[in-house]
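[1] Have a look at this fold, sequence not included:
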Ligand code: NDP
């Protein structure tokens with residue numbers, strides 16, 4: 001078993017931009033082998049090339065987290081290429097926020113499919129491997145919007161809190177020392193996330209806040225690295241990373 005980050009095999013969903021991309025870059029710099037999943041494979045290929053050019057180890061697989069088979073294949077790729085999977089970072093997410101009264105059924109379904117089912121698919125794929133290895137670590141990107149509920153974010157926050165609840169339940173079922181679970185709660189982070197907002201007024205406001213107070217995705221990547229680098233018997237359960245000025 002390895003402590004720290006060097007030598008660990010880490011699969012990351014949503015690695016094509018924002019927090020996932022920054023996390024992949026940081027962990028690879030620190031000696032992890034990173035297995036990159038997302039739908040935009042040209043972005044993943046470019047990142048994987050950059051990591052390899054810098055002397056790191058990486059592999060890529062086209063992954064739509066709404067498909068359970070894609071997560072199975074991502075986990076299988078980690079095992080094939082690097083011999084095992086130490087950490088799954090379930091990070092892929094969308095934020096199609098807006099007032100509940102808009103009745104955006106398609107948006108709600110999309111958020112549930114990606115943010116909740118996507119994480120469940122990762123759990124289903126990774127747990128058997130973690131059990132076989134006798135160790136594993138599940139990290140998910142939830143949100144401060146689940147901690148402080150504000151208008152327009154009810155459904156999004158609900159998906160994030162579903163994942164928070166899920167991880168806590170899993171933690172309580174896994175006190176045999178095999179599995180570590182970590183929920184990372186970012187506040188406003190400057191990424192492409194606002195791109196999934198359809199309501200123009202809500203989107204303009206989110207873009208404005210991100211541009212003025214949003215922190216760099218590397219801040220969240222460092223928090224994820226902190227959780228991963230702990231010794232096997234130390235579990236970082238929850239971490240919140242906000243702009244200092246966020247209310
Ligand atoms: P980005 O939009 O930059 O990144 C989102 C990532 O998720 C992309 O890599 C995207 O890849 C991927 N993704 C979306 N849908 C799917 C899908 N169906 N299958 C696979 N991958 C998918 O935003 P962030 O980096 O900000 O978001 C990362 C996580 O952080 C999300 O879960 C988000 O909810 C959470 N978060 C972000 C905050 C912020 O302020 N930015 C605050 C709190 C939480 P592709 O499109 O190529 O598939």
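    Received the coordinates, thanks. Since we're looking at a predicted model, the values are computed, not measured.
[2] I'd like the mean pLDDT over stretch 220-233, please.
    Average pLDDT, stretch 220-233: 97.
[3] which non-adjacent residue is nearest residue 245?
    Closest residue in space to residue 245, ignoring its immediate chain neighbours: residue 213 at 5.4 Å, by C-beta to C-beta, 6 or more residues apart in numbering. Any C-beta I mention is one placed from the backbone N, CA and C, and that applies to glycine too.
[4] tell me how far the top strand by length along the chain is from the chain's mean position?
    Counting residues, the longest strand found in the chain (DSSP state E) is strand 179-186. For strand 179-186, the gap between its own C-alpha mean and the chain's C-alpha mean amounts to 9 Å (C-alpha atoms, centre = their mean, to the nearest Å).
[5] contacts for that strand?
    19, 127, 130, 135-144, 146-147, 163-164, 167-168, 170-171, 174, 220, 223-224, 227, 232, 235-242 (C-beta atoms under 8 Å, 6 or more residues apart in numbering).
[6] So which of these reach the ligand?
    19, 141, 143 (C-beta under 6 Å from any ligand atom).
[7] Rank the helices and strands of the protein by mean pLDDT and give me the bottom one.
    Counting by mean pLDDT, DSSP states H and E, the chain has its least confident helix or strand at helix 200-213, which shows a mean of 95.
[8] How far off centre is it?
    Averaging C-alpha positions (C-alpha atoms, centre = their mean) puts helix 200-213 22 Å from its chain's average.
[9] which other helices and strands contact the helix or strand following that helix?
    Following helix 200-213 in sequence order, the next helix or strand is helix 217-229 (DSSP states H and E). Judged by 3 or more C-beta pairs under 8 Å, 6 or more residues apart in numbering; DSSP states H and E, the packing partners of helix 217-229 are helix 18-29, strand 136-141, strand 179-186, strand 238-241.
[10] Using TSV, lay out the ones you listed together with distance to residue 35, mean neighbour count and mean pLDDT.
    Formatted as TSV, the helices and strands packed on helix 217-229 follow (distance: least, C-beta to C-beta, whole Å; neighbours: other C-beta atoms under 10 Å; pLDDT from 0 to 100):
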stretch	distance to residue 35	mean neighbour count	mean pLDDT
helix 18-29	9	24	98
strand 136-141	14	25	98
strand 179-186	18	24	98
strand 238-241	22	16	98
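[11] Could you save those as CSV and add columns showing distance to residue 83?
    Formatted as CSV, those follow (distance: least, C-beta to C-beta, whole Å):
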stretch, distance to residue 83
helix 18-29, 17
strand 136-141, 14
strand 179-186, 19
strand 238-241, 28
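[12] The residue nearest to residue 131 when sequence neighbours are not counted and the ligand, how far apart?
    Of all residues not flanking residue 131 in the chain, residue 178 sits nearest, at 6.2 Å (C-beta to C-beta, 6+ apart). Using C-beta to the nearest ligand atom, to the nearest Å, residue 178 is found at 25 Å from the ligand.
[13] again, but for residue 191
    From residue 191 to the ligand the distance is 3 Å (C-beta to the nearest ligand atom).
[14] Near that residue, how many other residues are there?
    Neighbourhood size, residue 191 [other C-beta atoms under 10 Å]: 21.
[15] Confirm that it sits in a helix.
    No: assigned with DSSP: H, G, I helix; E, B strand; the rest coil, residue 191 falls outside any helix and is coil.
[16] if I pick the most centrally placed residue in the chain, what's in contact with it?
    In the chain, the C-alpha nearest the mean C-alpha coordinate belongs to residue 91, at 1.5 Å (C-alpha atoms, centre = their mean). By C-beta under 8 Å, 6+ apart, the contact set of residue 91 is 12-15, 19-20, 23, 139-141.
[17] cool, and residue 123?
    When contacts are counted by C-beta under 8 Å, 6+ apart, residue 123 is found next to 88, 90, 138, 166, 170.
[18] Correct me if wrong: the third one contacts residue 88.
    Put plainly, it is residue 138. Yes: taking contacts as C-beta atoms under 8 Å, residue 138 lies within contact range of residue 88: 5.5 Å.
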